[in-house]
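[1] Show me the folded form of this:
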Amino acid sequence: MKKIAILLISLMLFTSGCAVMTAAAPEPAPAPPTVEELLADALKYYNAGNYEEAILLYEAAIEIEPRNFDATVGLGKAYRSTGNNGQAVETLKAAYELNDSPDVAFELGCAYIANGQYTDAERLASELWKDGEGDDKAGTVLLLSLAAQEKTEEAIEMLNNEKLAEYLKTANIGDCIYAGSYGENGKRAGHGVGLYPGGYIYIGEYKNGVRCGQGAWYYASGDTKWCFTGEWANDAPNGYGTNRHGTSYQGPWSWVHSGEYIDGLENGARVRESEENGVIFRYTADKGKVPIIGVKEHKGENHTDYVIAYAEGSKKVSLNLHSENELLGISPWDIDAD
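    Just a heads-up that it's a prediction; the model follows:
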């Protein structure tokens, strides 16, 4: 019994010692993140607008796999989003060498434009877009390059291309594809060109990341071309401007609207004139709302027009709305705007 007791005590001491030794042992170091994990986290930061953090993660992935395509193109896009256009060009050139797809050509072309390398952008785009035909993204690069150089007539000619205009309306471009200068805070500032969802092109001034100052706004919808030129603030037309639409950007314009705008909506005294036939309408708007002064029933067509103005010198020609609640302004700030 004495021997058994001694043995049990020895076992207890040994077990206790093992527990102490186990508790004191250092924790194993965590496994380093894989390239796939780094890329997934980098994309999350990029999509959230935290480009600096995304850059660090893309660089870490490239440290592990120097020729990783996804990391290289992601790093280039993140550089461009911070306004580091020189680094963006060099990185996206490396990505294009790894994969010369139209998507990478588009990213590189936009970087060239942002860095002022218009000849390089147009050379790259011209390989994929010739005589109004080819890859639509390459056509977009060429359009943005012309607009950034204020070659407005040539840019407008491209906007008249129905194939390209249709692509621009449906392209998945995020909030904006921007080519231009940046301020010290890393936000868009000064002169720039932006391609916006729906195929809208803006050429003009930016401040603190938004459209602000003098600018021109182009849009094509089927056979109808729209152009607004005037004052901008808070990312929308605010102040005096002229809105034109017709079948060609070269004119003559079907209608020319002049006056004040508030957040893209017509406001105050308005003049609407047709360059095609000289008809002039005058009316007053209040943040897009216009008083109804008459009603025209179209029984055979089963609809009603609401008159807001009669042509100068004629009560037979009227300017009509299709709905009493229709707002007048510049699309896309109002869905019914014209």
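[2] Which phi and psi values does Lys207 adopt?
    Reported as degrees, to the nearest 10, the phi and psi values for Lys207 are phi -150, psi 130.
[3] Excluding covalently adjacent residues, which one is nearest to it?
    Ala189 (5.8 Å; C-beta to C-beta, 6 or more residues apart in numbering). Every C-beta, even on glycine, is put in place using the N, C-alpha and C of the backbone.
[4] so where's the stretch 201-338 of the chain uncertain?
    220-223, 299-301, 334-338 (pLDDT under 70).
[5] could you pull out the helices for it?
    With helices called from DSSP state H, counting those that start in this stretch, the stretch 201-338 of the chain shows none.
[6] Can you show me the strands along it?
    Secondary structure of the stretch 201-338 of the chain (DSSP state E, counting those that start in this stretch): strands at 210-221, 224-233, 236-246, 255-262, 265-273, 280-285, 294-298, 303-310, 318-321.
[7] Include distance to Ala61 when you put those into JSON lines, please.
    Formatted as JSON lines, the strands of the stretch 201-338 of the chain follow (distance: least, C-beta to C-beta, whole Å):
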{"stretch": "strand 210-221", "distance to Ala61": "33"}
{"stretch": "strand 224-233", "distance to Ala61": "39"}
{"stretch": "strand 236-246", "distance to Ala61": "39"}
{"stretch": "strand 255-262", "distance to Ala61": "47"}
{"stretch": "strand 265-273", "distance to Ala61": "47"}
{"stretch": "strand 280-285", "distance to Ala61": "54"}
{"stretch": "strand 294-298", "distance to Ala61": "64"}
{"stretch": "strand 303-310", "distance to Ala61": "59"}
{"stretch": "strand 318-321", "distance to Ala61": "56"}
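[8] quick one on the thing from earlier: for burial, what's the neighbour tally of the residue nearest to Lys207?
    As a burial measure, Ala189 scores 20 neighbours (other C-beta atoms under 10 Å).
[9] what does Tyr261 give?
    Here the number of neighbours of Tyr261 (other C-beta under 10 Å) works out to 28.
[10] try Arg188
    23.
[11] for it, what are its contacts?
    Taking C-beta atoms under 8 Å, 6 or more residues apart in numbering, we find Arg188 in contact with Tyr178, Gly180, Ser181, Tyr182, Gly194, Tyr206, Gly209, Val210.
[12] shouldn't the residue nearest to Lys207 be in contact with Tyr206?
    Yes - using C-beta atoms under 8 Å, Ala189 is in contact with Tyr206, at 5.5 Å.
[13] can you list residues touching both of these two?
    Joint contacts of Ala189 and Tyr206 (C-beta under 8 Å, 6+ apart) are Ser181.
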